[in-house]
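> model the following, please.
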Amino acid sequence: MRNLLLAAALAALSAQPLLAQEVPPAAAPAAPPLSIFIDGKGPNGMSDLPMGVKRIPDSNIVVSGHQKGGALGLLFGPVGMAIQSAANTDAGGKRTNDIQEALRFDVAGRTSELAASILTEAPFQGTITLATAESPSAVLVVPYVVLTYVNDTDVRPYIVLKTKLDPGADSKKPKTIKYFCCEGPAMPLTGAGSLTENNGEKLKALLNTELDTALRLMLTDRRQPFARNDDLKLDVNGSLPFVGKSFKWRGWDLGSFKDYRVIEFRGGILVFGGVHAVEPGALDITPYVKKK
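You can find the predicted model right below:
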């Protein structure tokens, strides 16, 4: 009997190391980092631009706000809209023909440089990477610049980042989201103290700061999307990209980003549709009140 008890005790002791060596269940594999690819092809003239804009040759810079007539043509692309006269493009050309070199800004190249630097910072490091070649899995980012006249002499420069995302489960078509940033007051485009003085020194400095803001806004929304609440409607009044004159439009409140109000204008055919970083006081923003 004693021998049986001793054998059982030894068996129990010898089993303990085996239990301690059991391998825990394997953890679920981490999701691969999101990848973005900067594409320098510029805006699509059939969907991203209104009628009558002036495109600066060999660049991704467009001039708008100078167009006359046809207000709807300033808001929407050409699909289903009234045709704007070619004189609008000519008018834009006359305003910029002598300053084209000062307007040149390699927005795609600068976007790649800034993105590479920003992606080394927390919280983006390790979660988003910069692709060197286009691929189906990478978010396509197309940067361009919109110089919008708000009167006969002054413009507001906008950085635009057009992104194409993987289609959702209910769609086969990639989803497009544009991100806009404009900082500071309108300034003269030409002359003493203008944006193009000293070969565009002020313009290039401004575009660099706007591009940094737009990139961080876009990367933040890709890493952890802003909450989209259909009930958070806003009435927005002021000057928007492409449209020189102030007007009122419906927006949606996405919250804040640093010191900026984040507002989304919805509508696939709106040339200014997308997510906007709005400086304090830049637009008149009030909660939407449903009319009774």
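> mind pulling the model confidence for G244?
With respect to pLDDT, G244 scores 81.
> partner strands of the host helix or strand of it, parallel or antiparallel?
Using DSSP states H and E, G244 sits in strand 243-257. Using DSSP bridges, strand 243-257 pairs in its sheet with strand 233-240 (antiparallel), strand 260-265 (antiparallel).
> pick the most buried one from these.
Highest mean neighbour count among the strands paired with strand 243-257 (mean count of other Cβ atoms under 10 Å): strand 260-265, with a mean of 20. Using the backbone N, CA and C atoms, a C-beta is placed for each residue, glycine as well.
> the strand holding G244: which residues count as buried?
For strand 243-257, the buried set under the neighbour-count rule, 16 or more other Cβ atoms under 10 Å, comprises V243, G244, W249, G251, W252, D253, L254, F257.
> mind listing the strands for this structure?
All strands of the chain, identified by DSSP state E, fall at 34-38, 54-55, 61-64, 128-130, 139-149, 154-165, 175-181, 187-188, 233-240, 243-257, 260-265, 274-278, 284-287.
> columns distance to N97 on top of the ones you listed, output as TSV?
As requested, the strands of the chain are exported to TSV (distance: least, Cβ to Cβ, whole Å):
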stretch	distance to N97
strand 34-38	29
strand 54-55	9
strand 61-64	11
strand 128-130	36
strand 139-149	14
strand 154-165	16
strand 175-181	27
strand 187-188	17
strand 233-240	25
strand 243-257	20
strand 260-265	32
strand 274-278	30
strand 284-287	35
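> burial count for D212?
Using other Cβ atoms under 10 Å, D212 has 18 other residues around it.
> now swap in S35 and tell me
Considering only other Cβ under 10 Å, S35 is surrounded by 14 other residues.
> what does A227 give?
9.
> and it, what does it touch?
Neighbouring residues of A227 by Cβ atoms under 8 Å, 6 or more residues apart in numbering: L254, G255.
> roughly how far does it sit from G255?
7 Å (Cβ to Cβ, to the nearest Å).
> which residues are common contacts for these two?
Common neighbours of A227 and G255 (Cβ under 8 Å, 6+ apart) do not exist.
> follow-up on the earlier one: same list, the strands paired with strand 243-257, but as TSV with distance to R110 and mean pLDDT please.
Putting the strands paired with strand 243-257 into TSV (distance: least, Cβ to Cβ, whole Å; pLDDT from 0 to 100) gives the following:
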stretch	distance to R110	mean pLDDT
strand 233-240	24	96
strand 260-265	20	98
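> nearest to P136, of those?
With respect to P136, and counting by Cβ to Cβ, the nearest of the strands paired with strand 243-257 is strand 260-265 at 26.1 Å.
> and the closest one, how far out from the chain's middle?
In this view, strand 260-265 has its centroid 11 Å away from the chain centroid, taken as Cα atoms, centre = their mean, to the nearest Å.
> contact partners of that strand?
213, 217, 226, 228, 234, 236, 240, 249-256, 272-280, 283, 285.
> and that strand with strand 274-278, angle?
Using axes from the mean of the first three to the mean of the last three Cα atoms, to 10 degrees, the interaxial angle of strand 260-265 with respect to strand 274-278 works out to 150 degrees.
> start the count at 475 instead of 1 going forward.
In the new numbering, first residue 475, that becomes strand 734-739.
> the inter-axis angle of strand 734-739 versus strand 649-655?
Using the same axes, to 10 degrees: strand 734-739 against strand 649-655 is 140 degrees.
> tell me which residue is most central in the protein.
Centroid-nearest residue in the chain: Y653, 2.3 Å away (criterion: Cα atoms, centre = their mean).
> now do the same contact list for it.
Counting by Cβ under 8 Å, 6+ apart, Y653 makes contact with V634, L635, T637, A688, L691, M692, D695, G748, V749, H750, A751.
> beta partners for it?
L635, V749.
> circling back to that earlier point, of all the strands paired with strand 717-731, which lies closest to P524?
It is, among the strands paired with strand 717-731 and with distance given as Cβ to Cβ, strand 707-714, at 11.5 Å.
> can you tell me what sits against the closest one?
So strand 707-714 is contacted by 622, 624, 630, 660, 719-727, 737, 739, 746, 750, 756-763 (Cβ under 8 Å, 6+ apart).
> quick one: work out the angle between that strand and strand 628-639.
Using the same axes, to 10 degrees, strand 707-714 lies at 130 degrees relative to strand 628-639.
> check the offset of strand 707-714 from the chain's centre.
18 Å.
> can I get that strand as PDB, trimmed to CA atoms?
The C-alpha coordinates for strand 707-714 follow below in PDB (Å, rounded to 0.1, in the frame of the first residue of the first chain):
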ATOM      1  CA  LYS A 707     -25.600  69.700 -39.200                       C
ATOM      2  CA  LEU A 708     -24.300  73.200 -39.600                       C
ATOM      3  CA  ASP A 709     -25.100  76.300 -41.500                       C
ATOM      4  CA  VAL A 710     -21.800  77.600 -43.000                       C
ATOM      5  CA  ASN A 711     -21.500  81.000 -44.600                       C
ATOM      6  CA  GLY A 712     -18.300  82.400 -46.200                       C
ATOM      7  CA  SER A 713     -15.800  81.800 -49.000                       C
ATOM      8  CA  LEU A 714     -14.900  78.300 -49.900                       C
END
